[in-house]
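*Asks:* What follows is a predicted protein model with its sequence.
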Amino acid sequence: MVLLGSRSRSMSTELKKMKTWSSLMKEVEKWGCLRQTGVSLRYMMEFGSSATPNDLLLSAQFLHKELPIRIARRALDLQSLPCALSRTPPVLKVRDWYLDSFRDIRSFPEIKNMNDEKHFTEMIKAIKVRHNNVVPTMALGVQQLKTVFEYPDEIDQFLDRFYLSRIGIRMIIGQHVELHNPNPPPNYVGYIHTKLSPVDVARDASEDARAMCYREYGSAPEVSIYGDPDFTFSYVPDHLHLMVLELVKNSLRAVQERFMDSDKVAPPVRIIVADGIEDVTIKVSDEGGGIPRSGLPKMFTYLYSTATSPLGDHCDLGTADNATMAGYGYGLPICRLYARYFGGDLQVISMEGYGTDAYLHLCRLGDSEELLP
Ligand SMILES: Nc1ncnc2c1ncn2[C@@H]1O[C@H](COP(=O)(O)OP(=O)(O)OP(=O)(O)O)[C@@H](O)[C@H]1O
């Protein structure tokens, strides 16, 4: 994991003086060509479970080298976006966040001791906050483009790469920062829960999704969960919660809309948790009428939604800060990226006129390395 080469303090001072656009971009291009280093969930867990101060130092040195590579690749990708997307104000804003973060990390001197480590950790914590609104802001950029141009396929591929990389960057920063927590919750190593019950997560996520459904429609179908509540595995609870929430929200909405004006009781959404040898699979099934076959190829494209977009036709960047993602058409593609990030996958199978089954596969062993675009 530790790959940091030695760069002298005088070099960082020089970098601080990096004022011109072209010198910055040259540096970004140089770093964007370097090889990324993926880390597996198991490695993060083993490394973090007995982290000594020296390990934290090594981890910070690794991030000092790895983050600029990952960030530079995305900044370059943003520059080379098809059509006019790279010039829309929201995309320029996101690009500037990436360039600022690149500059911050590259200007940080070589990490030699725990004091440097402390300051570096504070800095990357702030970088994570700077990037909090990347997803809704990019969504605005894409939406603006969509109103003017035909939406090219490459944008979906770009967004997949972009968001997948973002998941990875936030994971490795968050994991490092959390290792400093003097009172970690029981069974946590950084962001990873070593005894996570998928049934418990499914229950929490379903309650959250039902509360959202209540707010929107005034009622919500039941959710039945089947599986061994005592079964646990190691995973990132936030990632799992987000994925199950997205799937259950979709199912509740489909069932609710189908049975809203009917005398029949809405059939429950069913969640089955299966613990296999390689995979933990979570199946979310509903009788919400399914998805027409013509809509299936669009399901994993960004901005495809049959709900009203909260962005509206006339986008205003100011709304990005309050964005909720409801109706963005981001749920399924983002959910699949979270699954793939640690070697899992998501499949959606529909029977039009009946309902939908979503299969969320997660690597049980945790030894598959981060998927890095
Ligand atoms: N279980 C389901 N039953 C019927 N249609 C579904 C189901 N899941 C997804 N869809 C269809 O796929 C579309 C895209 O889903 P996706 O989750 O990506 O976005 P969304 O739910 O519309 O918005 P959000 O980004 O808020 O999740 C939905 O608008 C809906 O038309």
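*Replies:* Here it is on my side, so go on. Please read these numbers as outputs of a predicted model, since none were measured by experiment.

*Asks:* I'd say residue 170 and residue 130 touch.
*Replies:* No - judged on Cβ atoms under 8 Å, residue 170 makes no contact with residue 130 at a distance of 11.4 Å. To be clear about C-beta, it is placed using only N, CA and C from the backbone, and glycine gets the same treatment.

*Asks:* those strands in the stretch 251-373 of the chain, which residues are they?
*Replies:* 269-275, 279-286, 345-351, 355-363 (DSSP state E, counting those that start in this stretch).

*Asks:* For residue 142, which residues are in contact?
*Replies:* Each residue near residue 142 by Cβ atoms under 8 Å, 6 or more residues apart in numbering is listed here: 85, 151, 155, 159, 302, 303.

*Asks:* again, only using 10 Å
*Replies:* Contact analysis of residue 142 by Cβ atoms under 10 Å, 6 or more residues apart in numbering lists 81, 85, 88, 90-91, 151, 155-156, 158-159, 302-303, 311, 315, 328, 330.

*Asks:* tell me, which of those make contact with the ligand?
*Replies:* 328, 330 (Cβ under 6 Å from any ligand atom).

*Asks:* Show me which of the contacts of residue 142 are buried.
*Replies:* Buried members of the contacts of residue 142, counted by 16 or more other Cβ atoms under 10 Å: 81, 85, 88, 90-91, 151, 155-156, 158-159, 302-303, 311, 315, 328, 330.

*Asks:* Go through the strands of the stretch 251-373 of the chain and name the closest to the ligand.
*Replies:* Closest to the ligand of the strands of the stretch 251-373 of the chain is strand 355-363 (Cβ to the nearest ligand atom; 3.7 Å).

*Asks:* Closest residue of this protein to the ligand?
*Replies:* residue 331 (2.3 Å).

*Asks:* Quick check: residue 180 touching residue 51?
*Replies:* Yes - the pair residue 180 and residue 51 qualifies as a contact (Cβ atoms under 10 Å) at a distance of 9.2 Å.

*Asks:* Overlap in contacts, these two.
*Replies:* Joint contacts of residue 180 and residue 51 (Cβ under 10 Å, 6+ apart) are residue 190.

*Asks:* what does this structure put close to the ligand?
*Replies:* So the chain meets the ligand at 246, 250-251, 254, 286, 288, 291, 299, 304-307, 325-332, 356 (Cβ under 6 Å from any ligand atom).

*Asks:* Drop anything exposed from those.
*Replies:* By 16+ other Cβ under 10 Å, the residues of the chain next to the ligand give 246, 250-251, 254, 286, 288, 291, 299, 304-305, 326-332, 356 as buried.

*Asks:* And the helices in the stretch 101-250 of the chain, which stretches?
*Replies:* 114-130, 134-148, 153-178, 198-217, 237-259 (DSSP state H, counting those that start in this stretch).

*Asks:* distance between the third one and the chain's centre?
*Replies:* It refers to helix 153-178. 6 Å (Cα atoms, centre = their mean, to the nearest Å).

*Asks:* Please identify which of residue 180 and residue 51 sits among more neighbours.
*Replies:* Shown here are residue 180 and residue 51; by other Cβ atoms under 10 Å, residue 51 has more neighbours (17 against 14).

*Asks:* Am I right that that one sits in a helix?
*Replies:* No - under the criterion used here (DSSP: H, G, I helix; E, B strand; the rest coil), residue 51 is coil, not part of a helix.

*Asks:* List the contacts of it.
*Replies:* 58, 59, 176, 179, 180, 189, 190.

*Asks:* what two of these are the furthest from one another?
*Replies:* Spatial extent of these (Cβ to Cβ) is set by the pair 58 and 189 at 15.9 Å.

*Asks:* circling back: show only the entries of the contacts of residue 51 found in strands.
*Replies:* residue 189 (DSSP state E).

*Asks:* wait, which of the contacts of residue 51 is closest to residue 28?
*Replies:* For the contacts of residue 51, the nearest to residue 28 is residue 176 (22.7 Å; Cβ to Cβ).

*Asks:* tell me, how many neighbours does the closest residue to the closest one other than its chain neighbours end up with?
*Replies:* Closest residue to residue 176 apart from its sequence neighbours, by Cβ to Cβ, 6 or more residues apart in numbering: residue 59 at 5.2 Å. For residue 59, the tally of surrounding residues (other Cβ under 10 Å) stands at 24.

*Asks:* I figured residue 59 hits residue 67, correct?
*Replies:* No - contact between residue 59 and residue 67 fails when scored by Cβ under 10 Å: they sit 11.7 Å apart.

*Asks:* overlap in contacts of those two?
*Replies:* By Cβ under 10 Å, 6+ apart, the residues touching both residue 59 and residue 67 are 172, 176.

*Asks:* and stretch 120-132, which residues are buried?
*Replies:* 120, 121, 123, 124, 127, 131.

*Asks:* Tell me how many other residues surround residue 188.
*Replies:* 16.

*Asks:* Do I have it right that it meets residue 235?
*Replies:* No - using Cβ under 10 Å, residue 188 makes no contact with residue 235, being 11.5 Å away.

*Asks:* any shared contact partners between these two?
*Replies:* 194, 196.

*Asks:* what's across from the nearest residue to residue 270 once chain neighbours are set aside in the sheet?
*Replies:* Spatially, and ignoring its direct neighbours in sequence, residue 270 is nearest to residue 285 (4.6 Å; Cβ to Cβ, 6+ apart). Beta-bridge pairing of residue 285, defined through DSSP bridges, involves residue 270, residue 357.

*Asks:* Check what pLDDT residue 333 gets.
*Replies:* Residue 333 carries a pLDDT value of 95.

*Asks:* Next, the contact list for it, please.
*Replies:* Going by Cβ under 10 Å, 6+ apart, residue 333 touches 156, 159, 160, 163, 246, 299, 300, 301, 302, 303, 304, 346.
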